[in-house]
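Asks: Compute the structure for the input listed below.
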Amino acid sequence: MSVIDNGYGIPSWAQEEIFKKFFQADSIMSQKVGGSGLGLTITKGIVENHGGTIQCESPVPPEDFPELPLGGERQGAAFTIFLPTAPS
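Replies: Below you'll find the predicted structure:
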């Protein structure tokens, strides 16, 4: 499952850090968009408790999602969750 947005994006150096408690990539940006820095930590915990993984890709390749208004400050981010399939 993937969730994709057309927000400001996440710097490459922060793409692993964002899953840590209270981490915010940029204090100026977090003032604009708000947040406590817990959402992705909680999400990662739930996903891992179900045997899955979560990853982030930013910027989002505009050619992959032409319907998203990307460009300028809007680089986008994609979060993909991988979960194991149930045994048959």
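
Asks: Run through this structure and note the low-pLDDT ranges.
Replies: Flagging of the chain using pLDDT under 70 yields the residue ranges 26-34.

Asks: repeat that with 80
Replies: For the chain, the stretches with pLDDT under 80 are 24-35, 62, 64-65, 68, 70-74, 87-88.

Asks: And the helices in it?
Replies: Here the chain has its helices, by DSSP state H, at 27-33, 39-49.

Asks: same for the last one, what does it pack against?
Replies: Taking 3 or more C-beta pairs under 8 Å, 6 or more residues apart in numbering; DSSP states H and E as contact, the helices and strands that helix 39-49 lies on are strand 53-57. Glycine gets a C-beta too; all of them are placed from N, C-alpha and C.

Asks: strand partners of the strand it packs on, parallel vs antiparallel please.
Replies: Looking at strand 53-57 with DSSP bridges, its partner strands are strand 77-82 (antiparallel).

Asks: Let me know the angle separating the strand it pairs with from helix 39-49.
Replies: On the basis of axes from the mean of the first three to the mean of the last three C-alpha atoms, to 10 degrees, strand 77-82 is oriented at 20 degrees to helix 39-49.

Asks: Check the offset of strand 77-82 from the chain's centre.
Replies: What separates the centre of strand 77-82 from the centre of its chain is 6 Å, taken as C-alpha atoms, centre = their mean, to the nearest Å.

Asks: Other residues contacting it?
Replies: Strand 77-82 has contacts (C-beta atoms under 8 Å, 6 or more residues apart in numbering) with 1-5, 7, 9-10, 40, 47, 52-60.

Asks: rerun at 7 Å
Replies: With C-beta atoms under 7 Å, 6 or more residues apart in numbering as the test, strand 77-82 has contacts from 1-5, 7, 9-10, 47, 52-58, 60.

Asks: do the same with stretch 57-65
Replies: 4, 9-10, 15, 68, 70, 75-78.

Asks: quick one: buried residues of it?
Replies: 57-60 (16 or more other C-beta atoms under 10 Å).
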